[in-house]
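Engineer: Fold the following for me, if possible:
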Amino acid sequence: MLLAVDIGNTNIVFGCVNDMDEVVLFERISTNHYATAAEYASLIKGIFEMNGFSTGEIDDAIMSSVVPSVTNTVKEAIKKLFHTEVMIAGPGVKTGLNILIDNPAQLGSDQAVDAVAAINQYPVPQIIIDMGTATTVSVVNKNKSYIGGLIITGMAVATDALIARTAQLPKINFEAPEHIIGTNTIDCMKSGMLYSTACSLDGIIERIEEELGEKCTVIATGGLSELIVPLCKREIILDSDLLIKGLTIIYRKNKKK
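Structural biologist: Okay, here's the model as predicted:
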């Protein structure tokens, strides 16, 4: 099996892909900037055991990361645990993606990986939404070229900032309230955060399509997407495995025969 890992600012996603390119394991842990390779190895081993897999089933690994300080630590943990080298999705690795932004090197590896998966699975043009620490919106045109996008403050970051800058607003769990009109402080905060995010995405999709002059396939992924997509009025495909699929495609393109 192939181990695919994506390191984000808030979470690290682990996925296992079998020889049929099916995602057979998907787990998410918190990103710890201070954990050692041994600590990460222990966590990864626990994930495998919890899901009924053996570490001996992994033949190879690929990783993308937007957190350079954690990249080498997790890479070392994987090498210790699985005794395999780790392919890094980045400069020098073939993706098959034509990137038309001002400086292609500035594109986050997660956005590139998302786009690789999306163009191989869904009709173009596309809008790809990845909801993590930041919410990124990527646009792929009808020629399957990556032409740009938006970066938006993530919902969790916005909520933390609101709580930190106010004296009486409490921490909240992200879950949809029964009504959009809240009747207490907590429900008002939940409704405000969730529905404002959903409305923001609806509006951004509409404006991107106006600029392109055509309708787009919209795909969403990331930790908060499962909560927000059902609240959106636009039709959005929810694909939690998008990053894992993209990493698998990139691995297959670059694997030495």
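Engineer: Quickly list what Asp130 is bridged to.
Structural biologist: Thr136, Thr221 (DSSP bridges).
Engineer: I'd guessed it sits against Thr221; true?
Structural biologist: Yes: the criterion here is Cβ atoms under 8 Å, and Asp130 meets it with Thr221 at 5.4 Å. Just so you know, the C-beta spots here come from the backbone N, C-alpha and C atoms, and that holds for glycine as well.
Engineer: Need the residues touching each of those two.
Structural biologist: Asp114, Leu242, Leu243 (Cβ atoms under 8 Å, 6 or more residues apart in numbering).
Engineer: What about the residues you listed, which are in helices?
Structural biologist: Among the shared contacts of Asp130 and Thr221, DSSP state H puts Asp114, Leu242, Leu243 in helices.
Engineer: Same list, the residues you listed, but as JSON lines with distance to Ile29, pLDDT and neighbour count please.
Structural biologist: Formatted as JSON lines, these follow (distance: Cβ to Cβ, whole Å; pLDDT from 0 to 100; neighbours: other Cβ atoms under 10 Å):
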{"residue": "Asp114", "distance to Ile29": "20", "pLDDT": "97", "neighbour count": "29"}
{"residue": "Leu242", "distance to Ile29": "18", "pLDDT": "96", "neighbour count": "27"}
{"residue": "Leu243", "distance to Ile29": "14", "pLDDT": "95", "neighbour count": "28"}
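Engineer: So which of these is the closest to Ser225?
Structural biologist: Leu242 (9.4 Å; Cβ to Cβ).
Engineer: That closest one against Ile119, yeah?
Structural biologist: No: applying Cβ under 8 Å, one finds Leu242 not in contact with Ile119, separated by 11.3 Å.
Engineer: In a markdown table, list the ones in helices among the shared contacts of Asp130 and Thr221 along with distance to Ser54.
Structural biologist: As requested, these are exported to a markdown table (distance: Cβ to Cβ, whole Å):
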| residue | distance to Ser54 |
| --- | --- |
| Asp114 | 30 |
| Leu242 | 27 |
| Leu243 | 24 |
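Engineer: If we only consider the residues you listed, which is nearest to Thr95?
Structural biologist: Minimum separation from Thr95 among those (Cβ to Cβ) is found for Asp114, which lies at 11.1 Å.
Engineer: Quick one: residues contacting the closest one.
Structural biologist: By Cβ under 8 Å, 6+ apart, the contact list for Asp114 reads Ile128, Asp130, Ser138, Ile219, Thr221, Leu242, Leu243, Gly246.
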